[in-house]
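J.: No letters, just coordinates:
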DNA sequence: CCCTGATTCGC
DNA sequence: GCGAATCAGG
């Protein structure tokens, strides 16, 4: 892919908004984060004040991170690790109870869905949960994005919903 | 290990 | 000019 005017402008915009190089690369498509960084240099755009970790976006996200923890969060996903407050896709973490799934599958009340990272299709990696959430036709659509065990497309919670052993189905009733 | 931006240098 | 490889860091 070559740097058309449109792509360069988008790059400038996103970069000035504080998105990371990899995020920008994902949105532009067809380029690596290195390509983005290289281009940023060539355009002699202002670099980040401090390299590494704390980008503006990161700080902003961290600030709004102290959301109230859901009441009985630990019921069956207690061992889930939810430490990933930062990442390539630095999107605000949200505690959310997925009402739809509860109504559809869960017989047990108060089962809290793990923190969704609200990832877009392009931000998924090998170890992010690919459980789709919401209507793909709306912009609310995203993926769970929680940490998934190696070789699994879903996090432990969603894997249960995806692959239901007969034994588990009985419990569901 | 995950990620970040910065730099270098062959193409 | 481009961007992969590498470096340096959280």
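T.: Nice, thanks for sending it over. Here the structure is a predicted model, which means the values were calculated and not measured.

J.: So, low pLDDT: which residues of chain A?
T.: By pLDDT under 70, the low-scoring segments of chain A are A:49-124, A:135-137, A:139-140, A:165, A:167-173.

J.: now the residue of chain A at minimum distance from DNA strand B, nearest residue through space, not along the chain?
T.: Across chain A, the shortest distance to DNA strand B (Cβ to the nearest atom of the strand) belongs to residue A:47, at 2.5 Å. Where you see a C-beta, it was placed from the backbone N, CA and C, and this is true even at glycine. Distances taken as Cβ to Cβ, 6 or more residues apart in numbering place residue A:40 nearest to residue A:47, at 7.1 Å, with adjacent residues excluded.

J.: Can you tell me how far residue A:9 is from residue A:42?
T.: Using Cβ to Cβ, to the nearest Å, residue A:9 is found at 15 Å from residue A:42.

J.: hmm, back to that, tell me the contacts of the residue nearest to residue A:47?
T.: The contact partners of residue A:40, by Cβ atoms under 8 Å, 6 or more residues apart in numbering, come to A:11, A:15, A:21, A:47.

J.: Show me what counts as buried in the one helix or strand it maps to.
T.: For residue A:40, the element it lies in under DSSP states H and E is helix A:33-42. Neighbour-count burial for helix A:33-42 flags A:35, A:36, A:37, A:39, A:40 (criterion: 16 or more other Cβ atoms under 10 Å).

J.: Same check on stretch A:15-24?
T.: Neighbour counts using 16+ other Cβ under 10 Å place A:15, A:19, A:20, A:21, A:22, A:23, A:24 of stretch A:15-24 among the buried residues.
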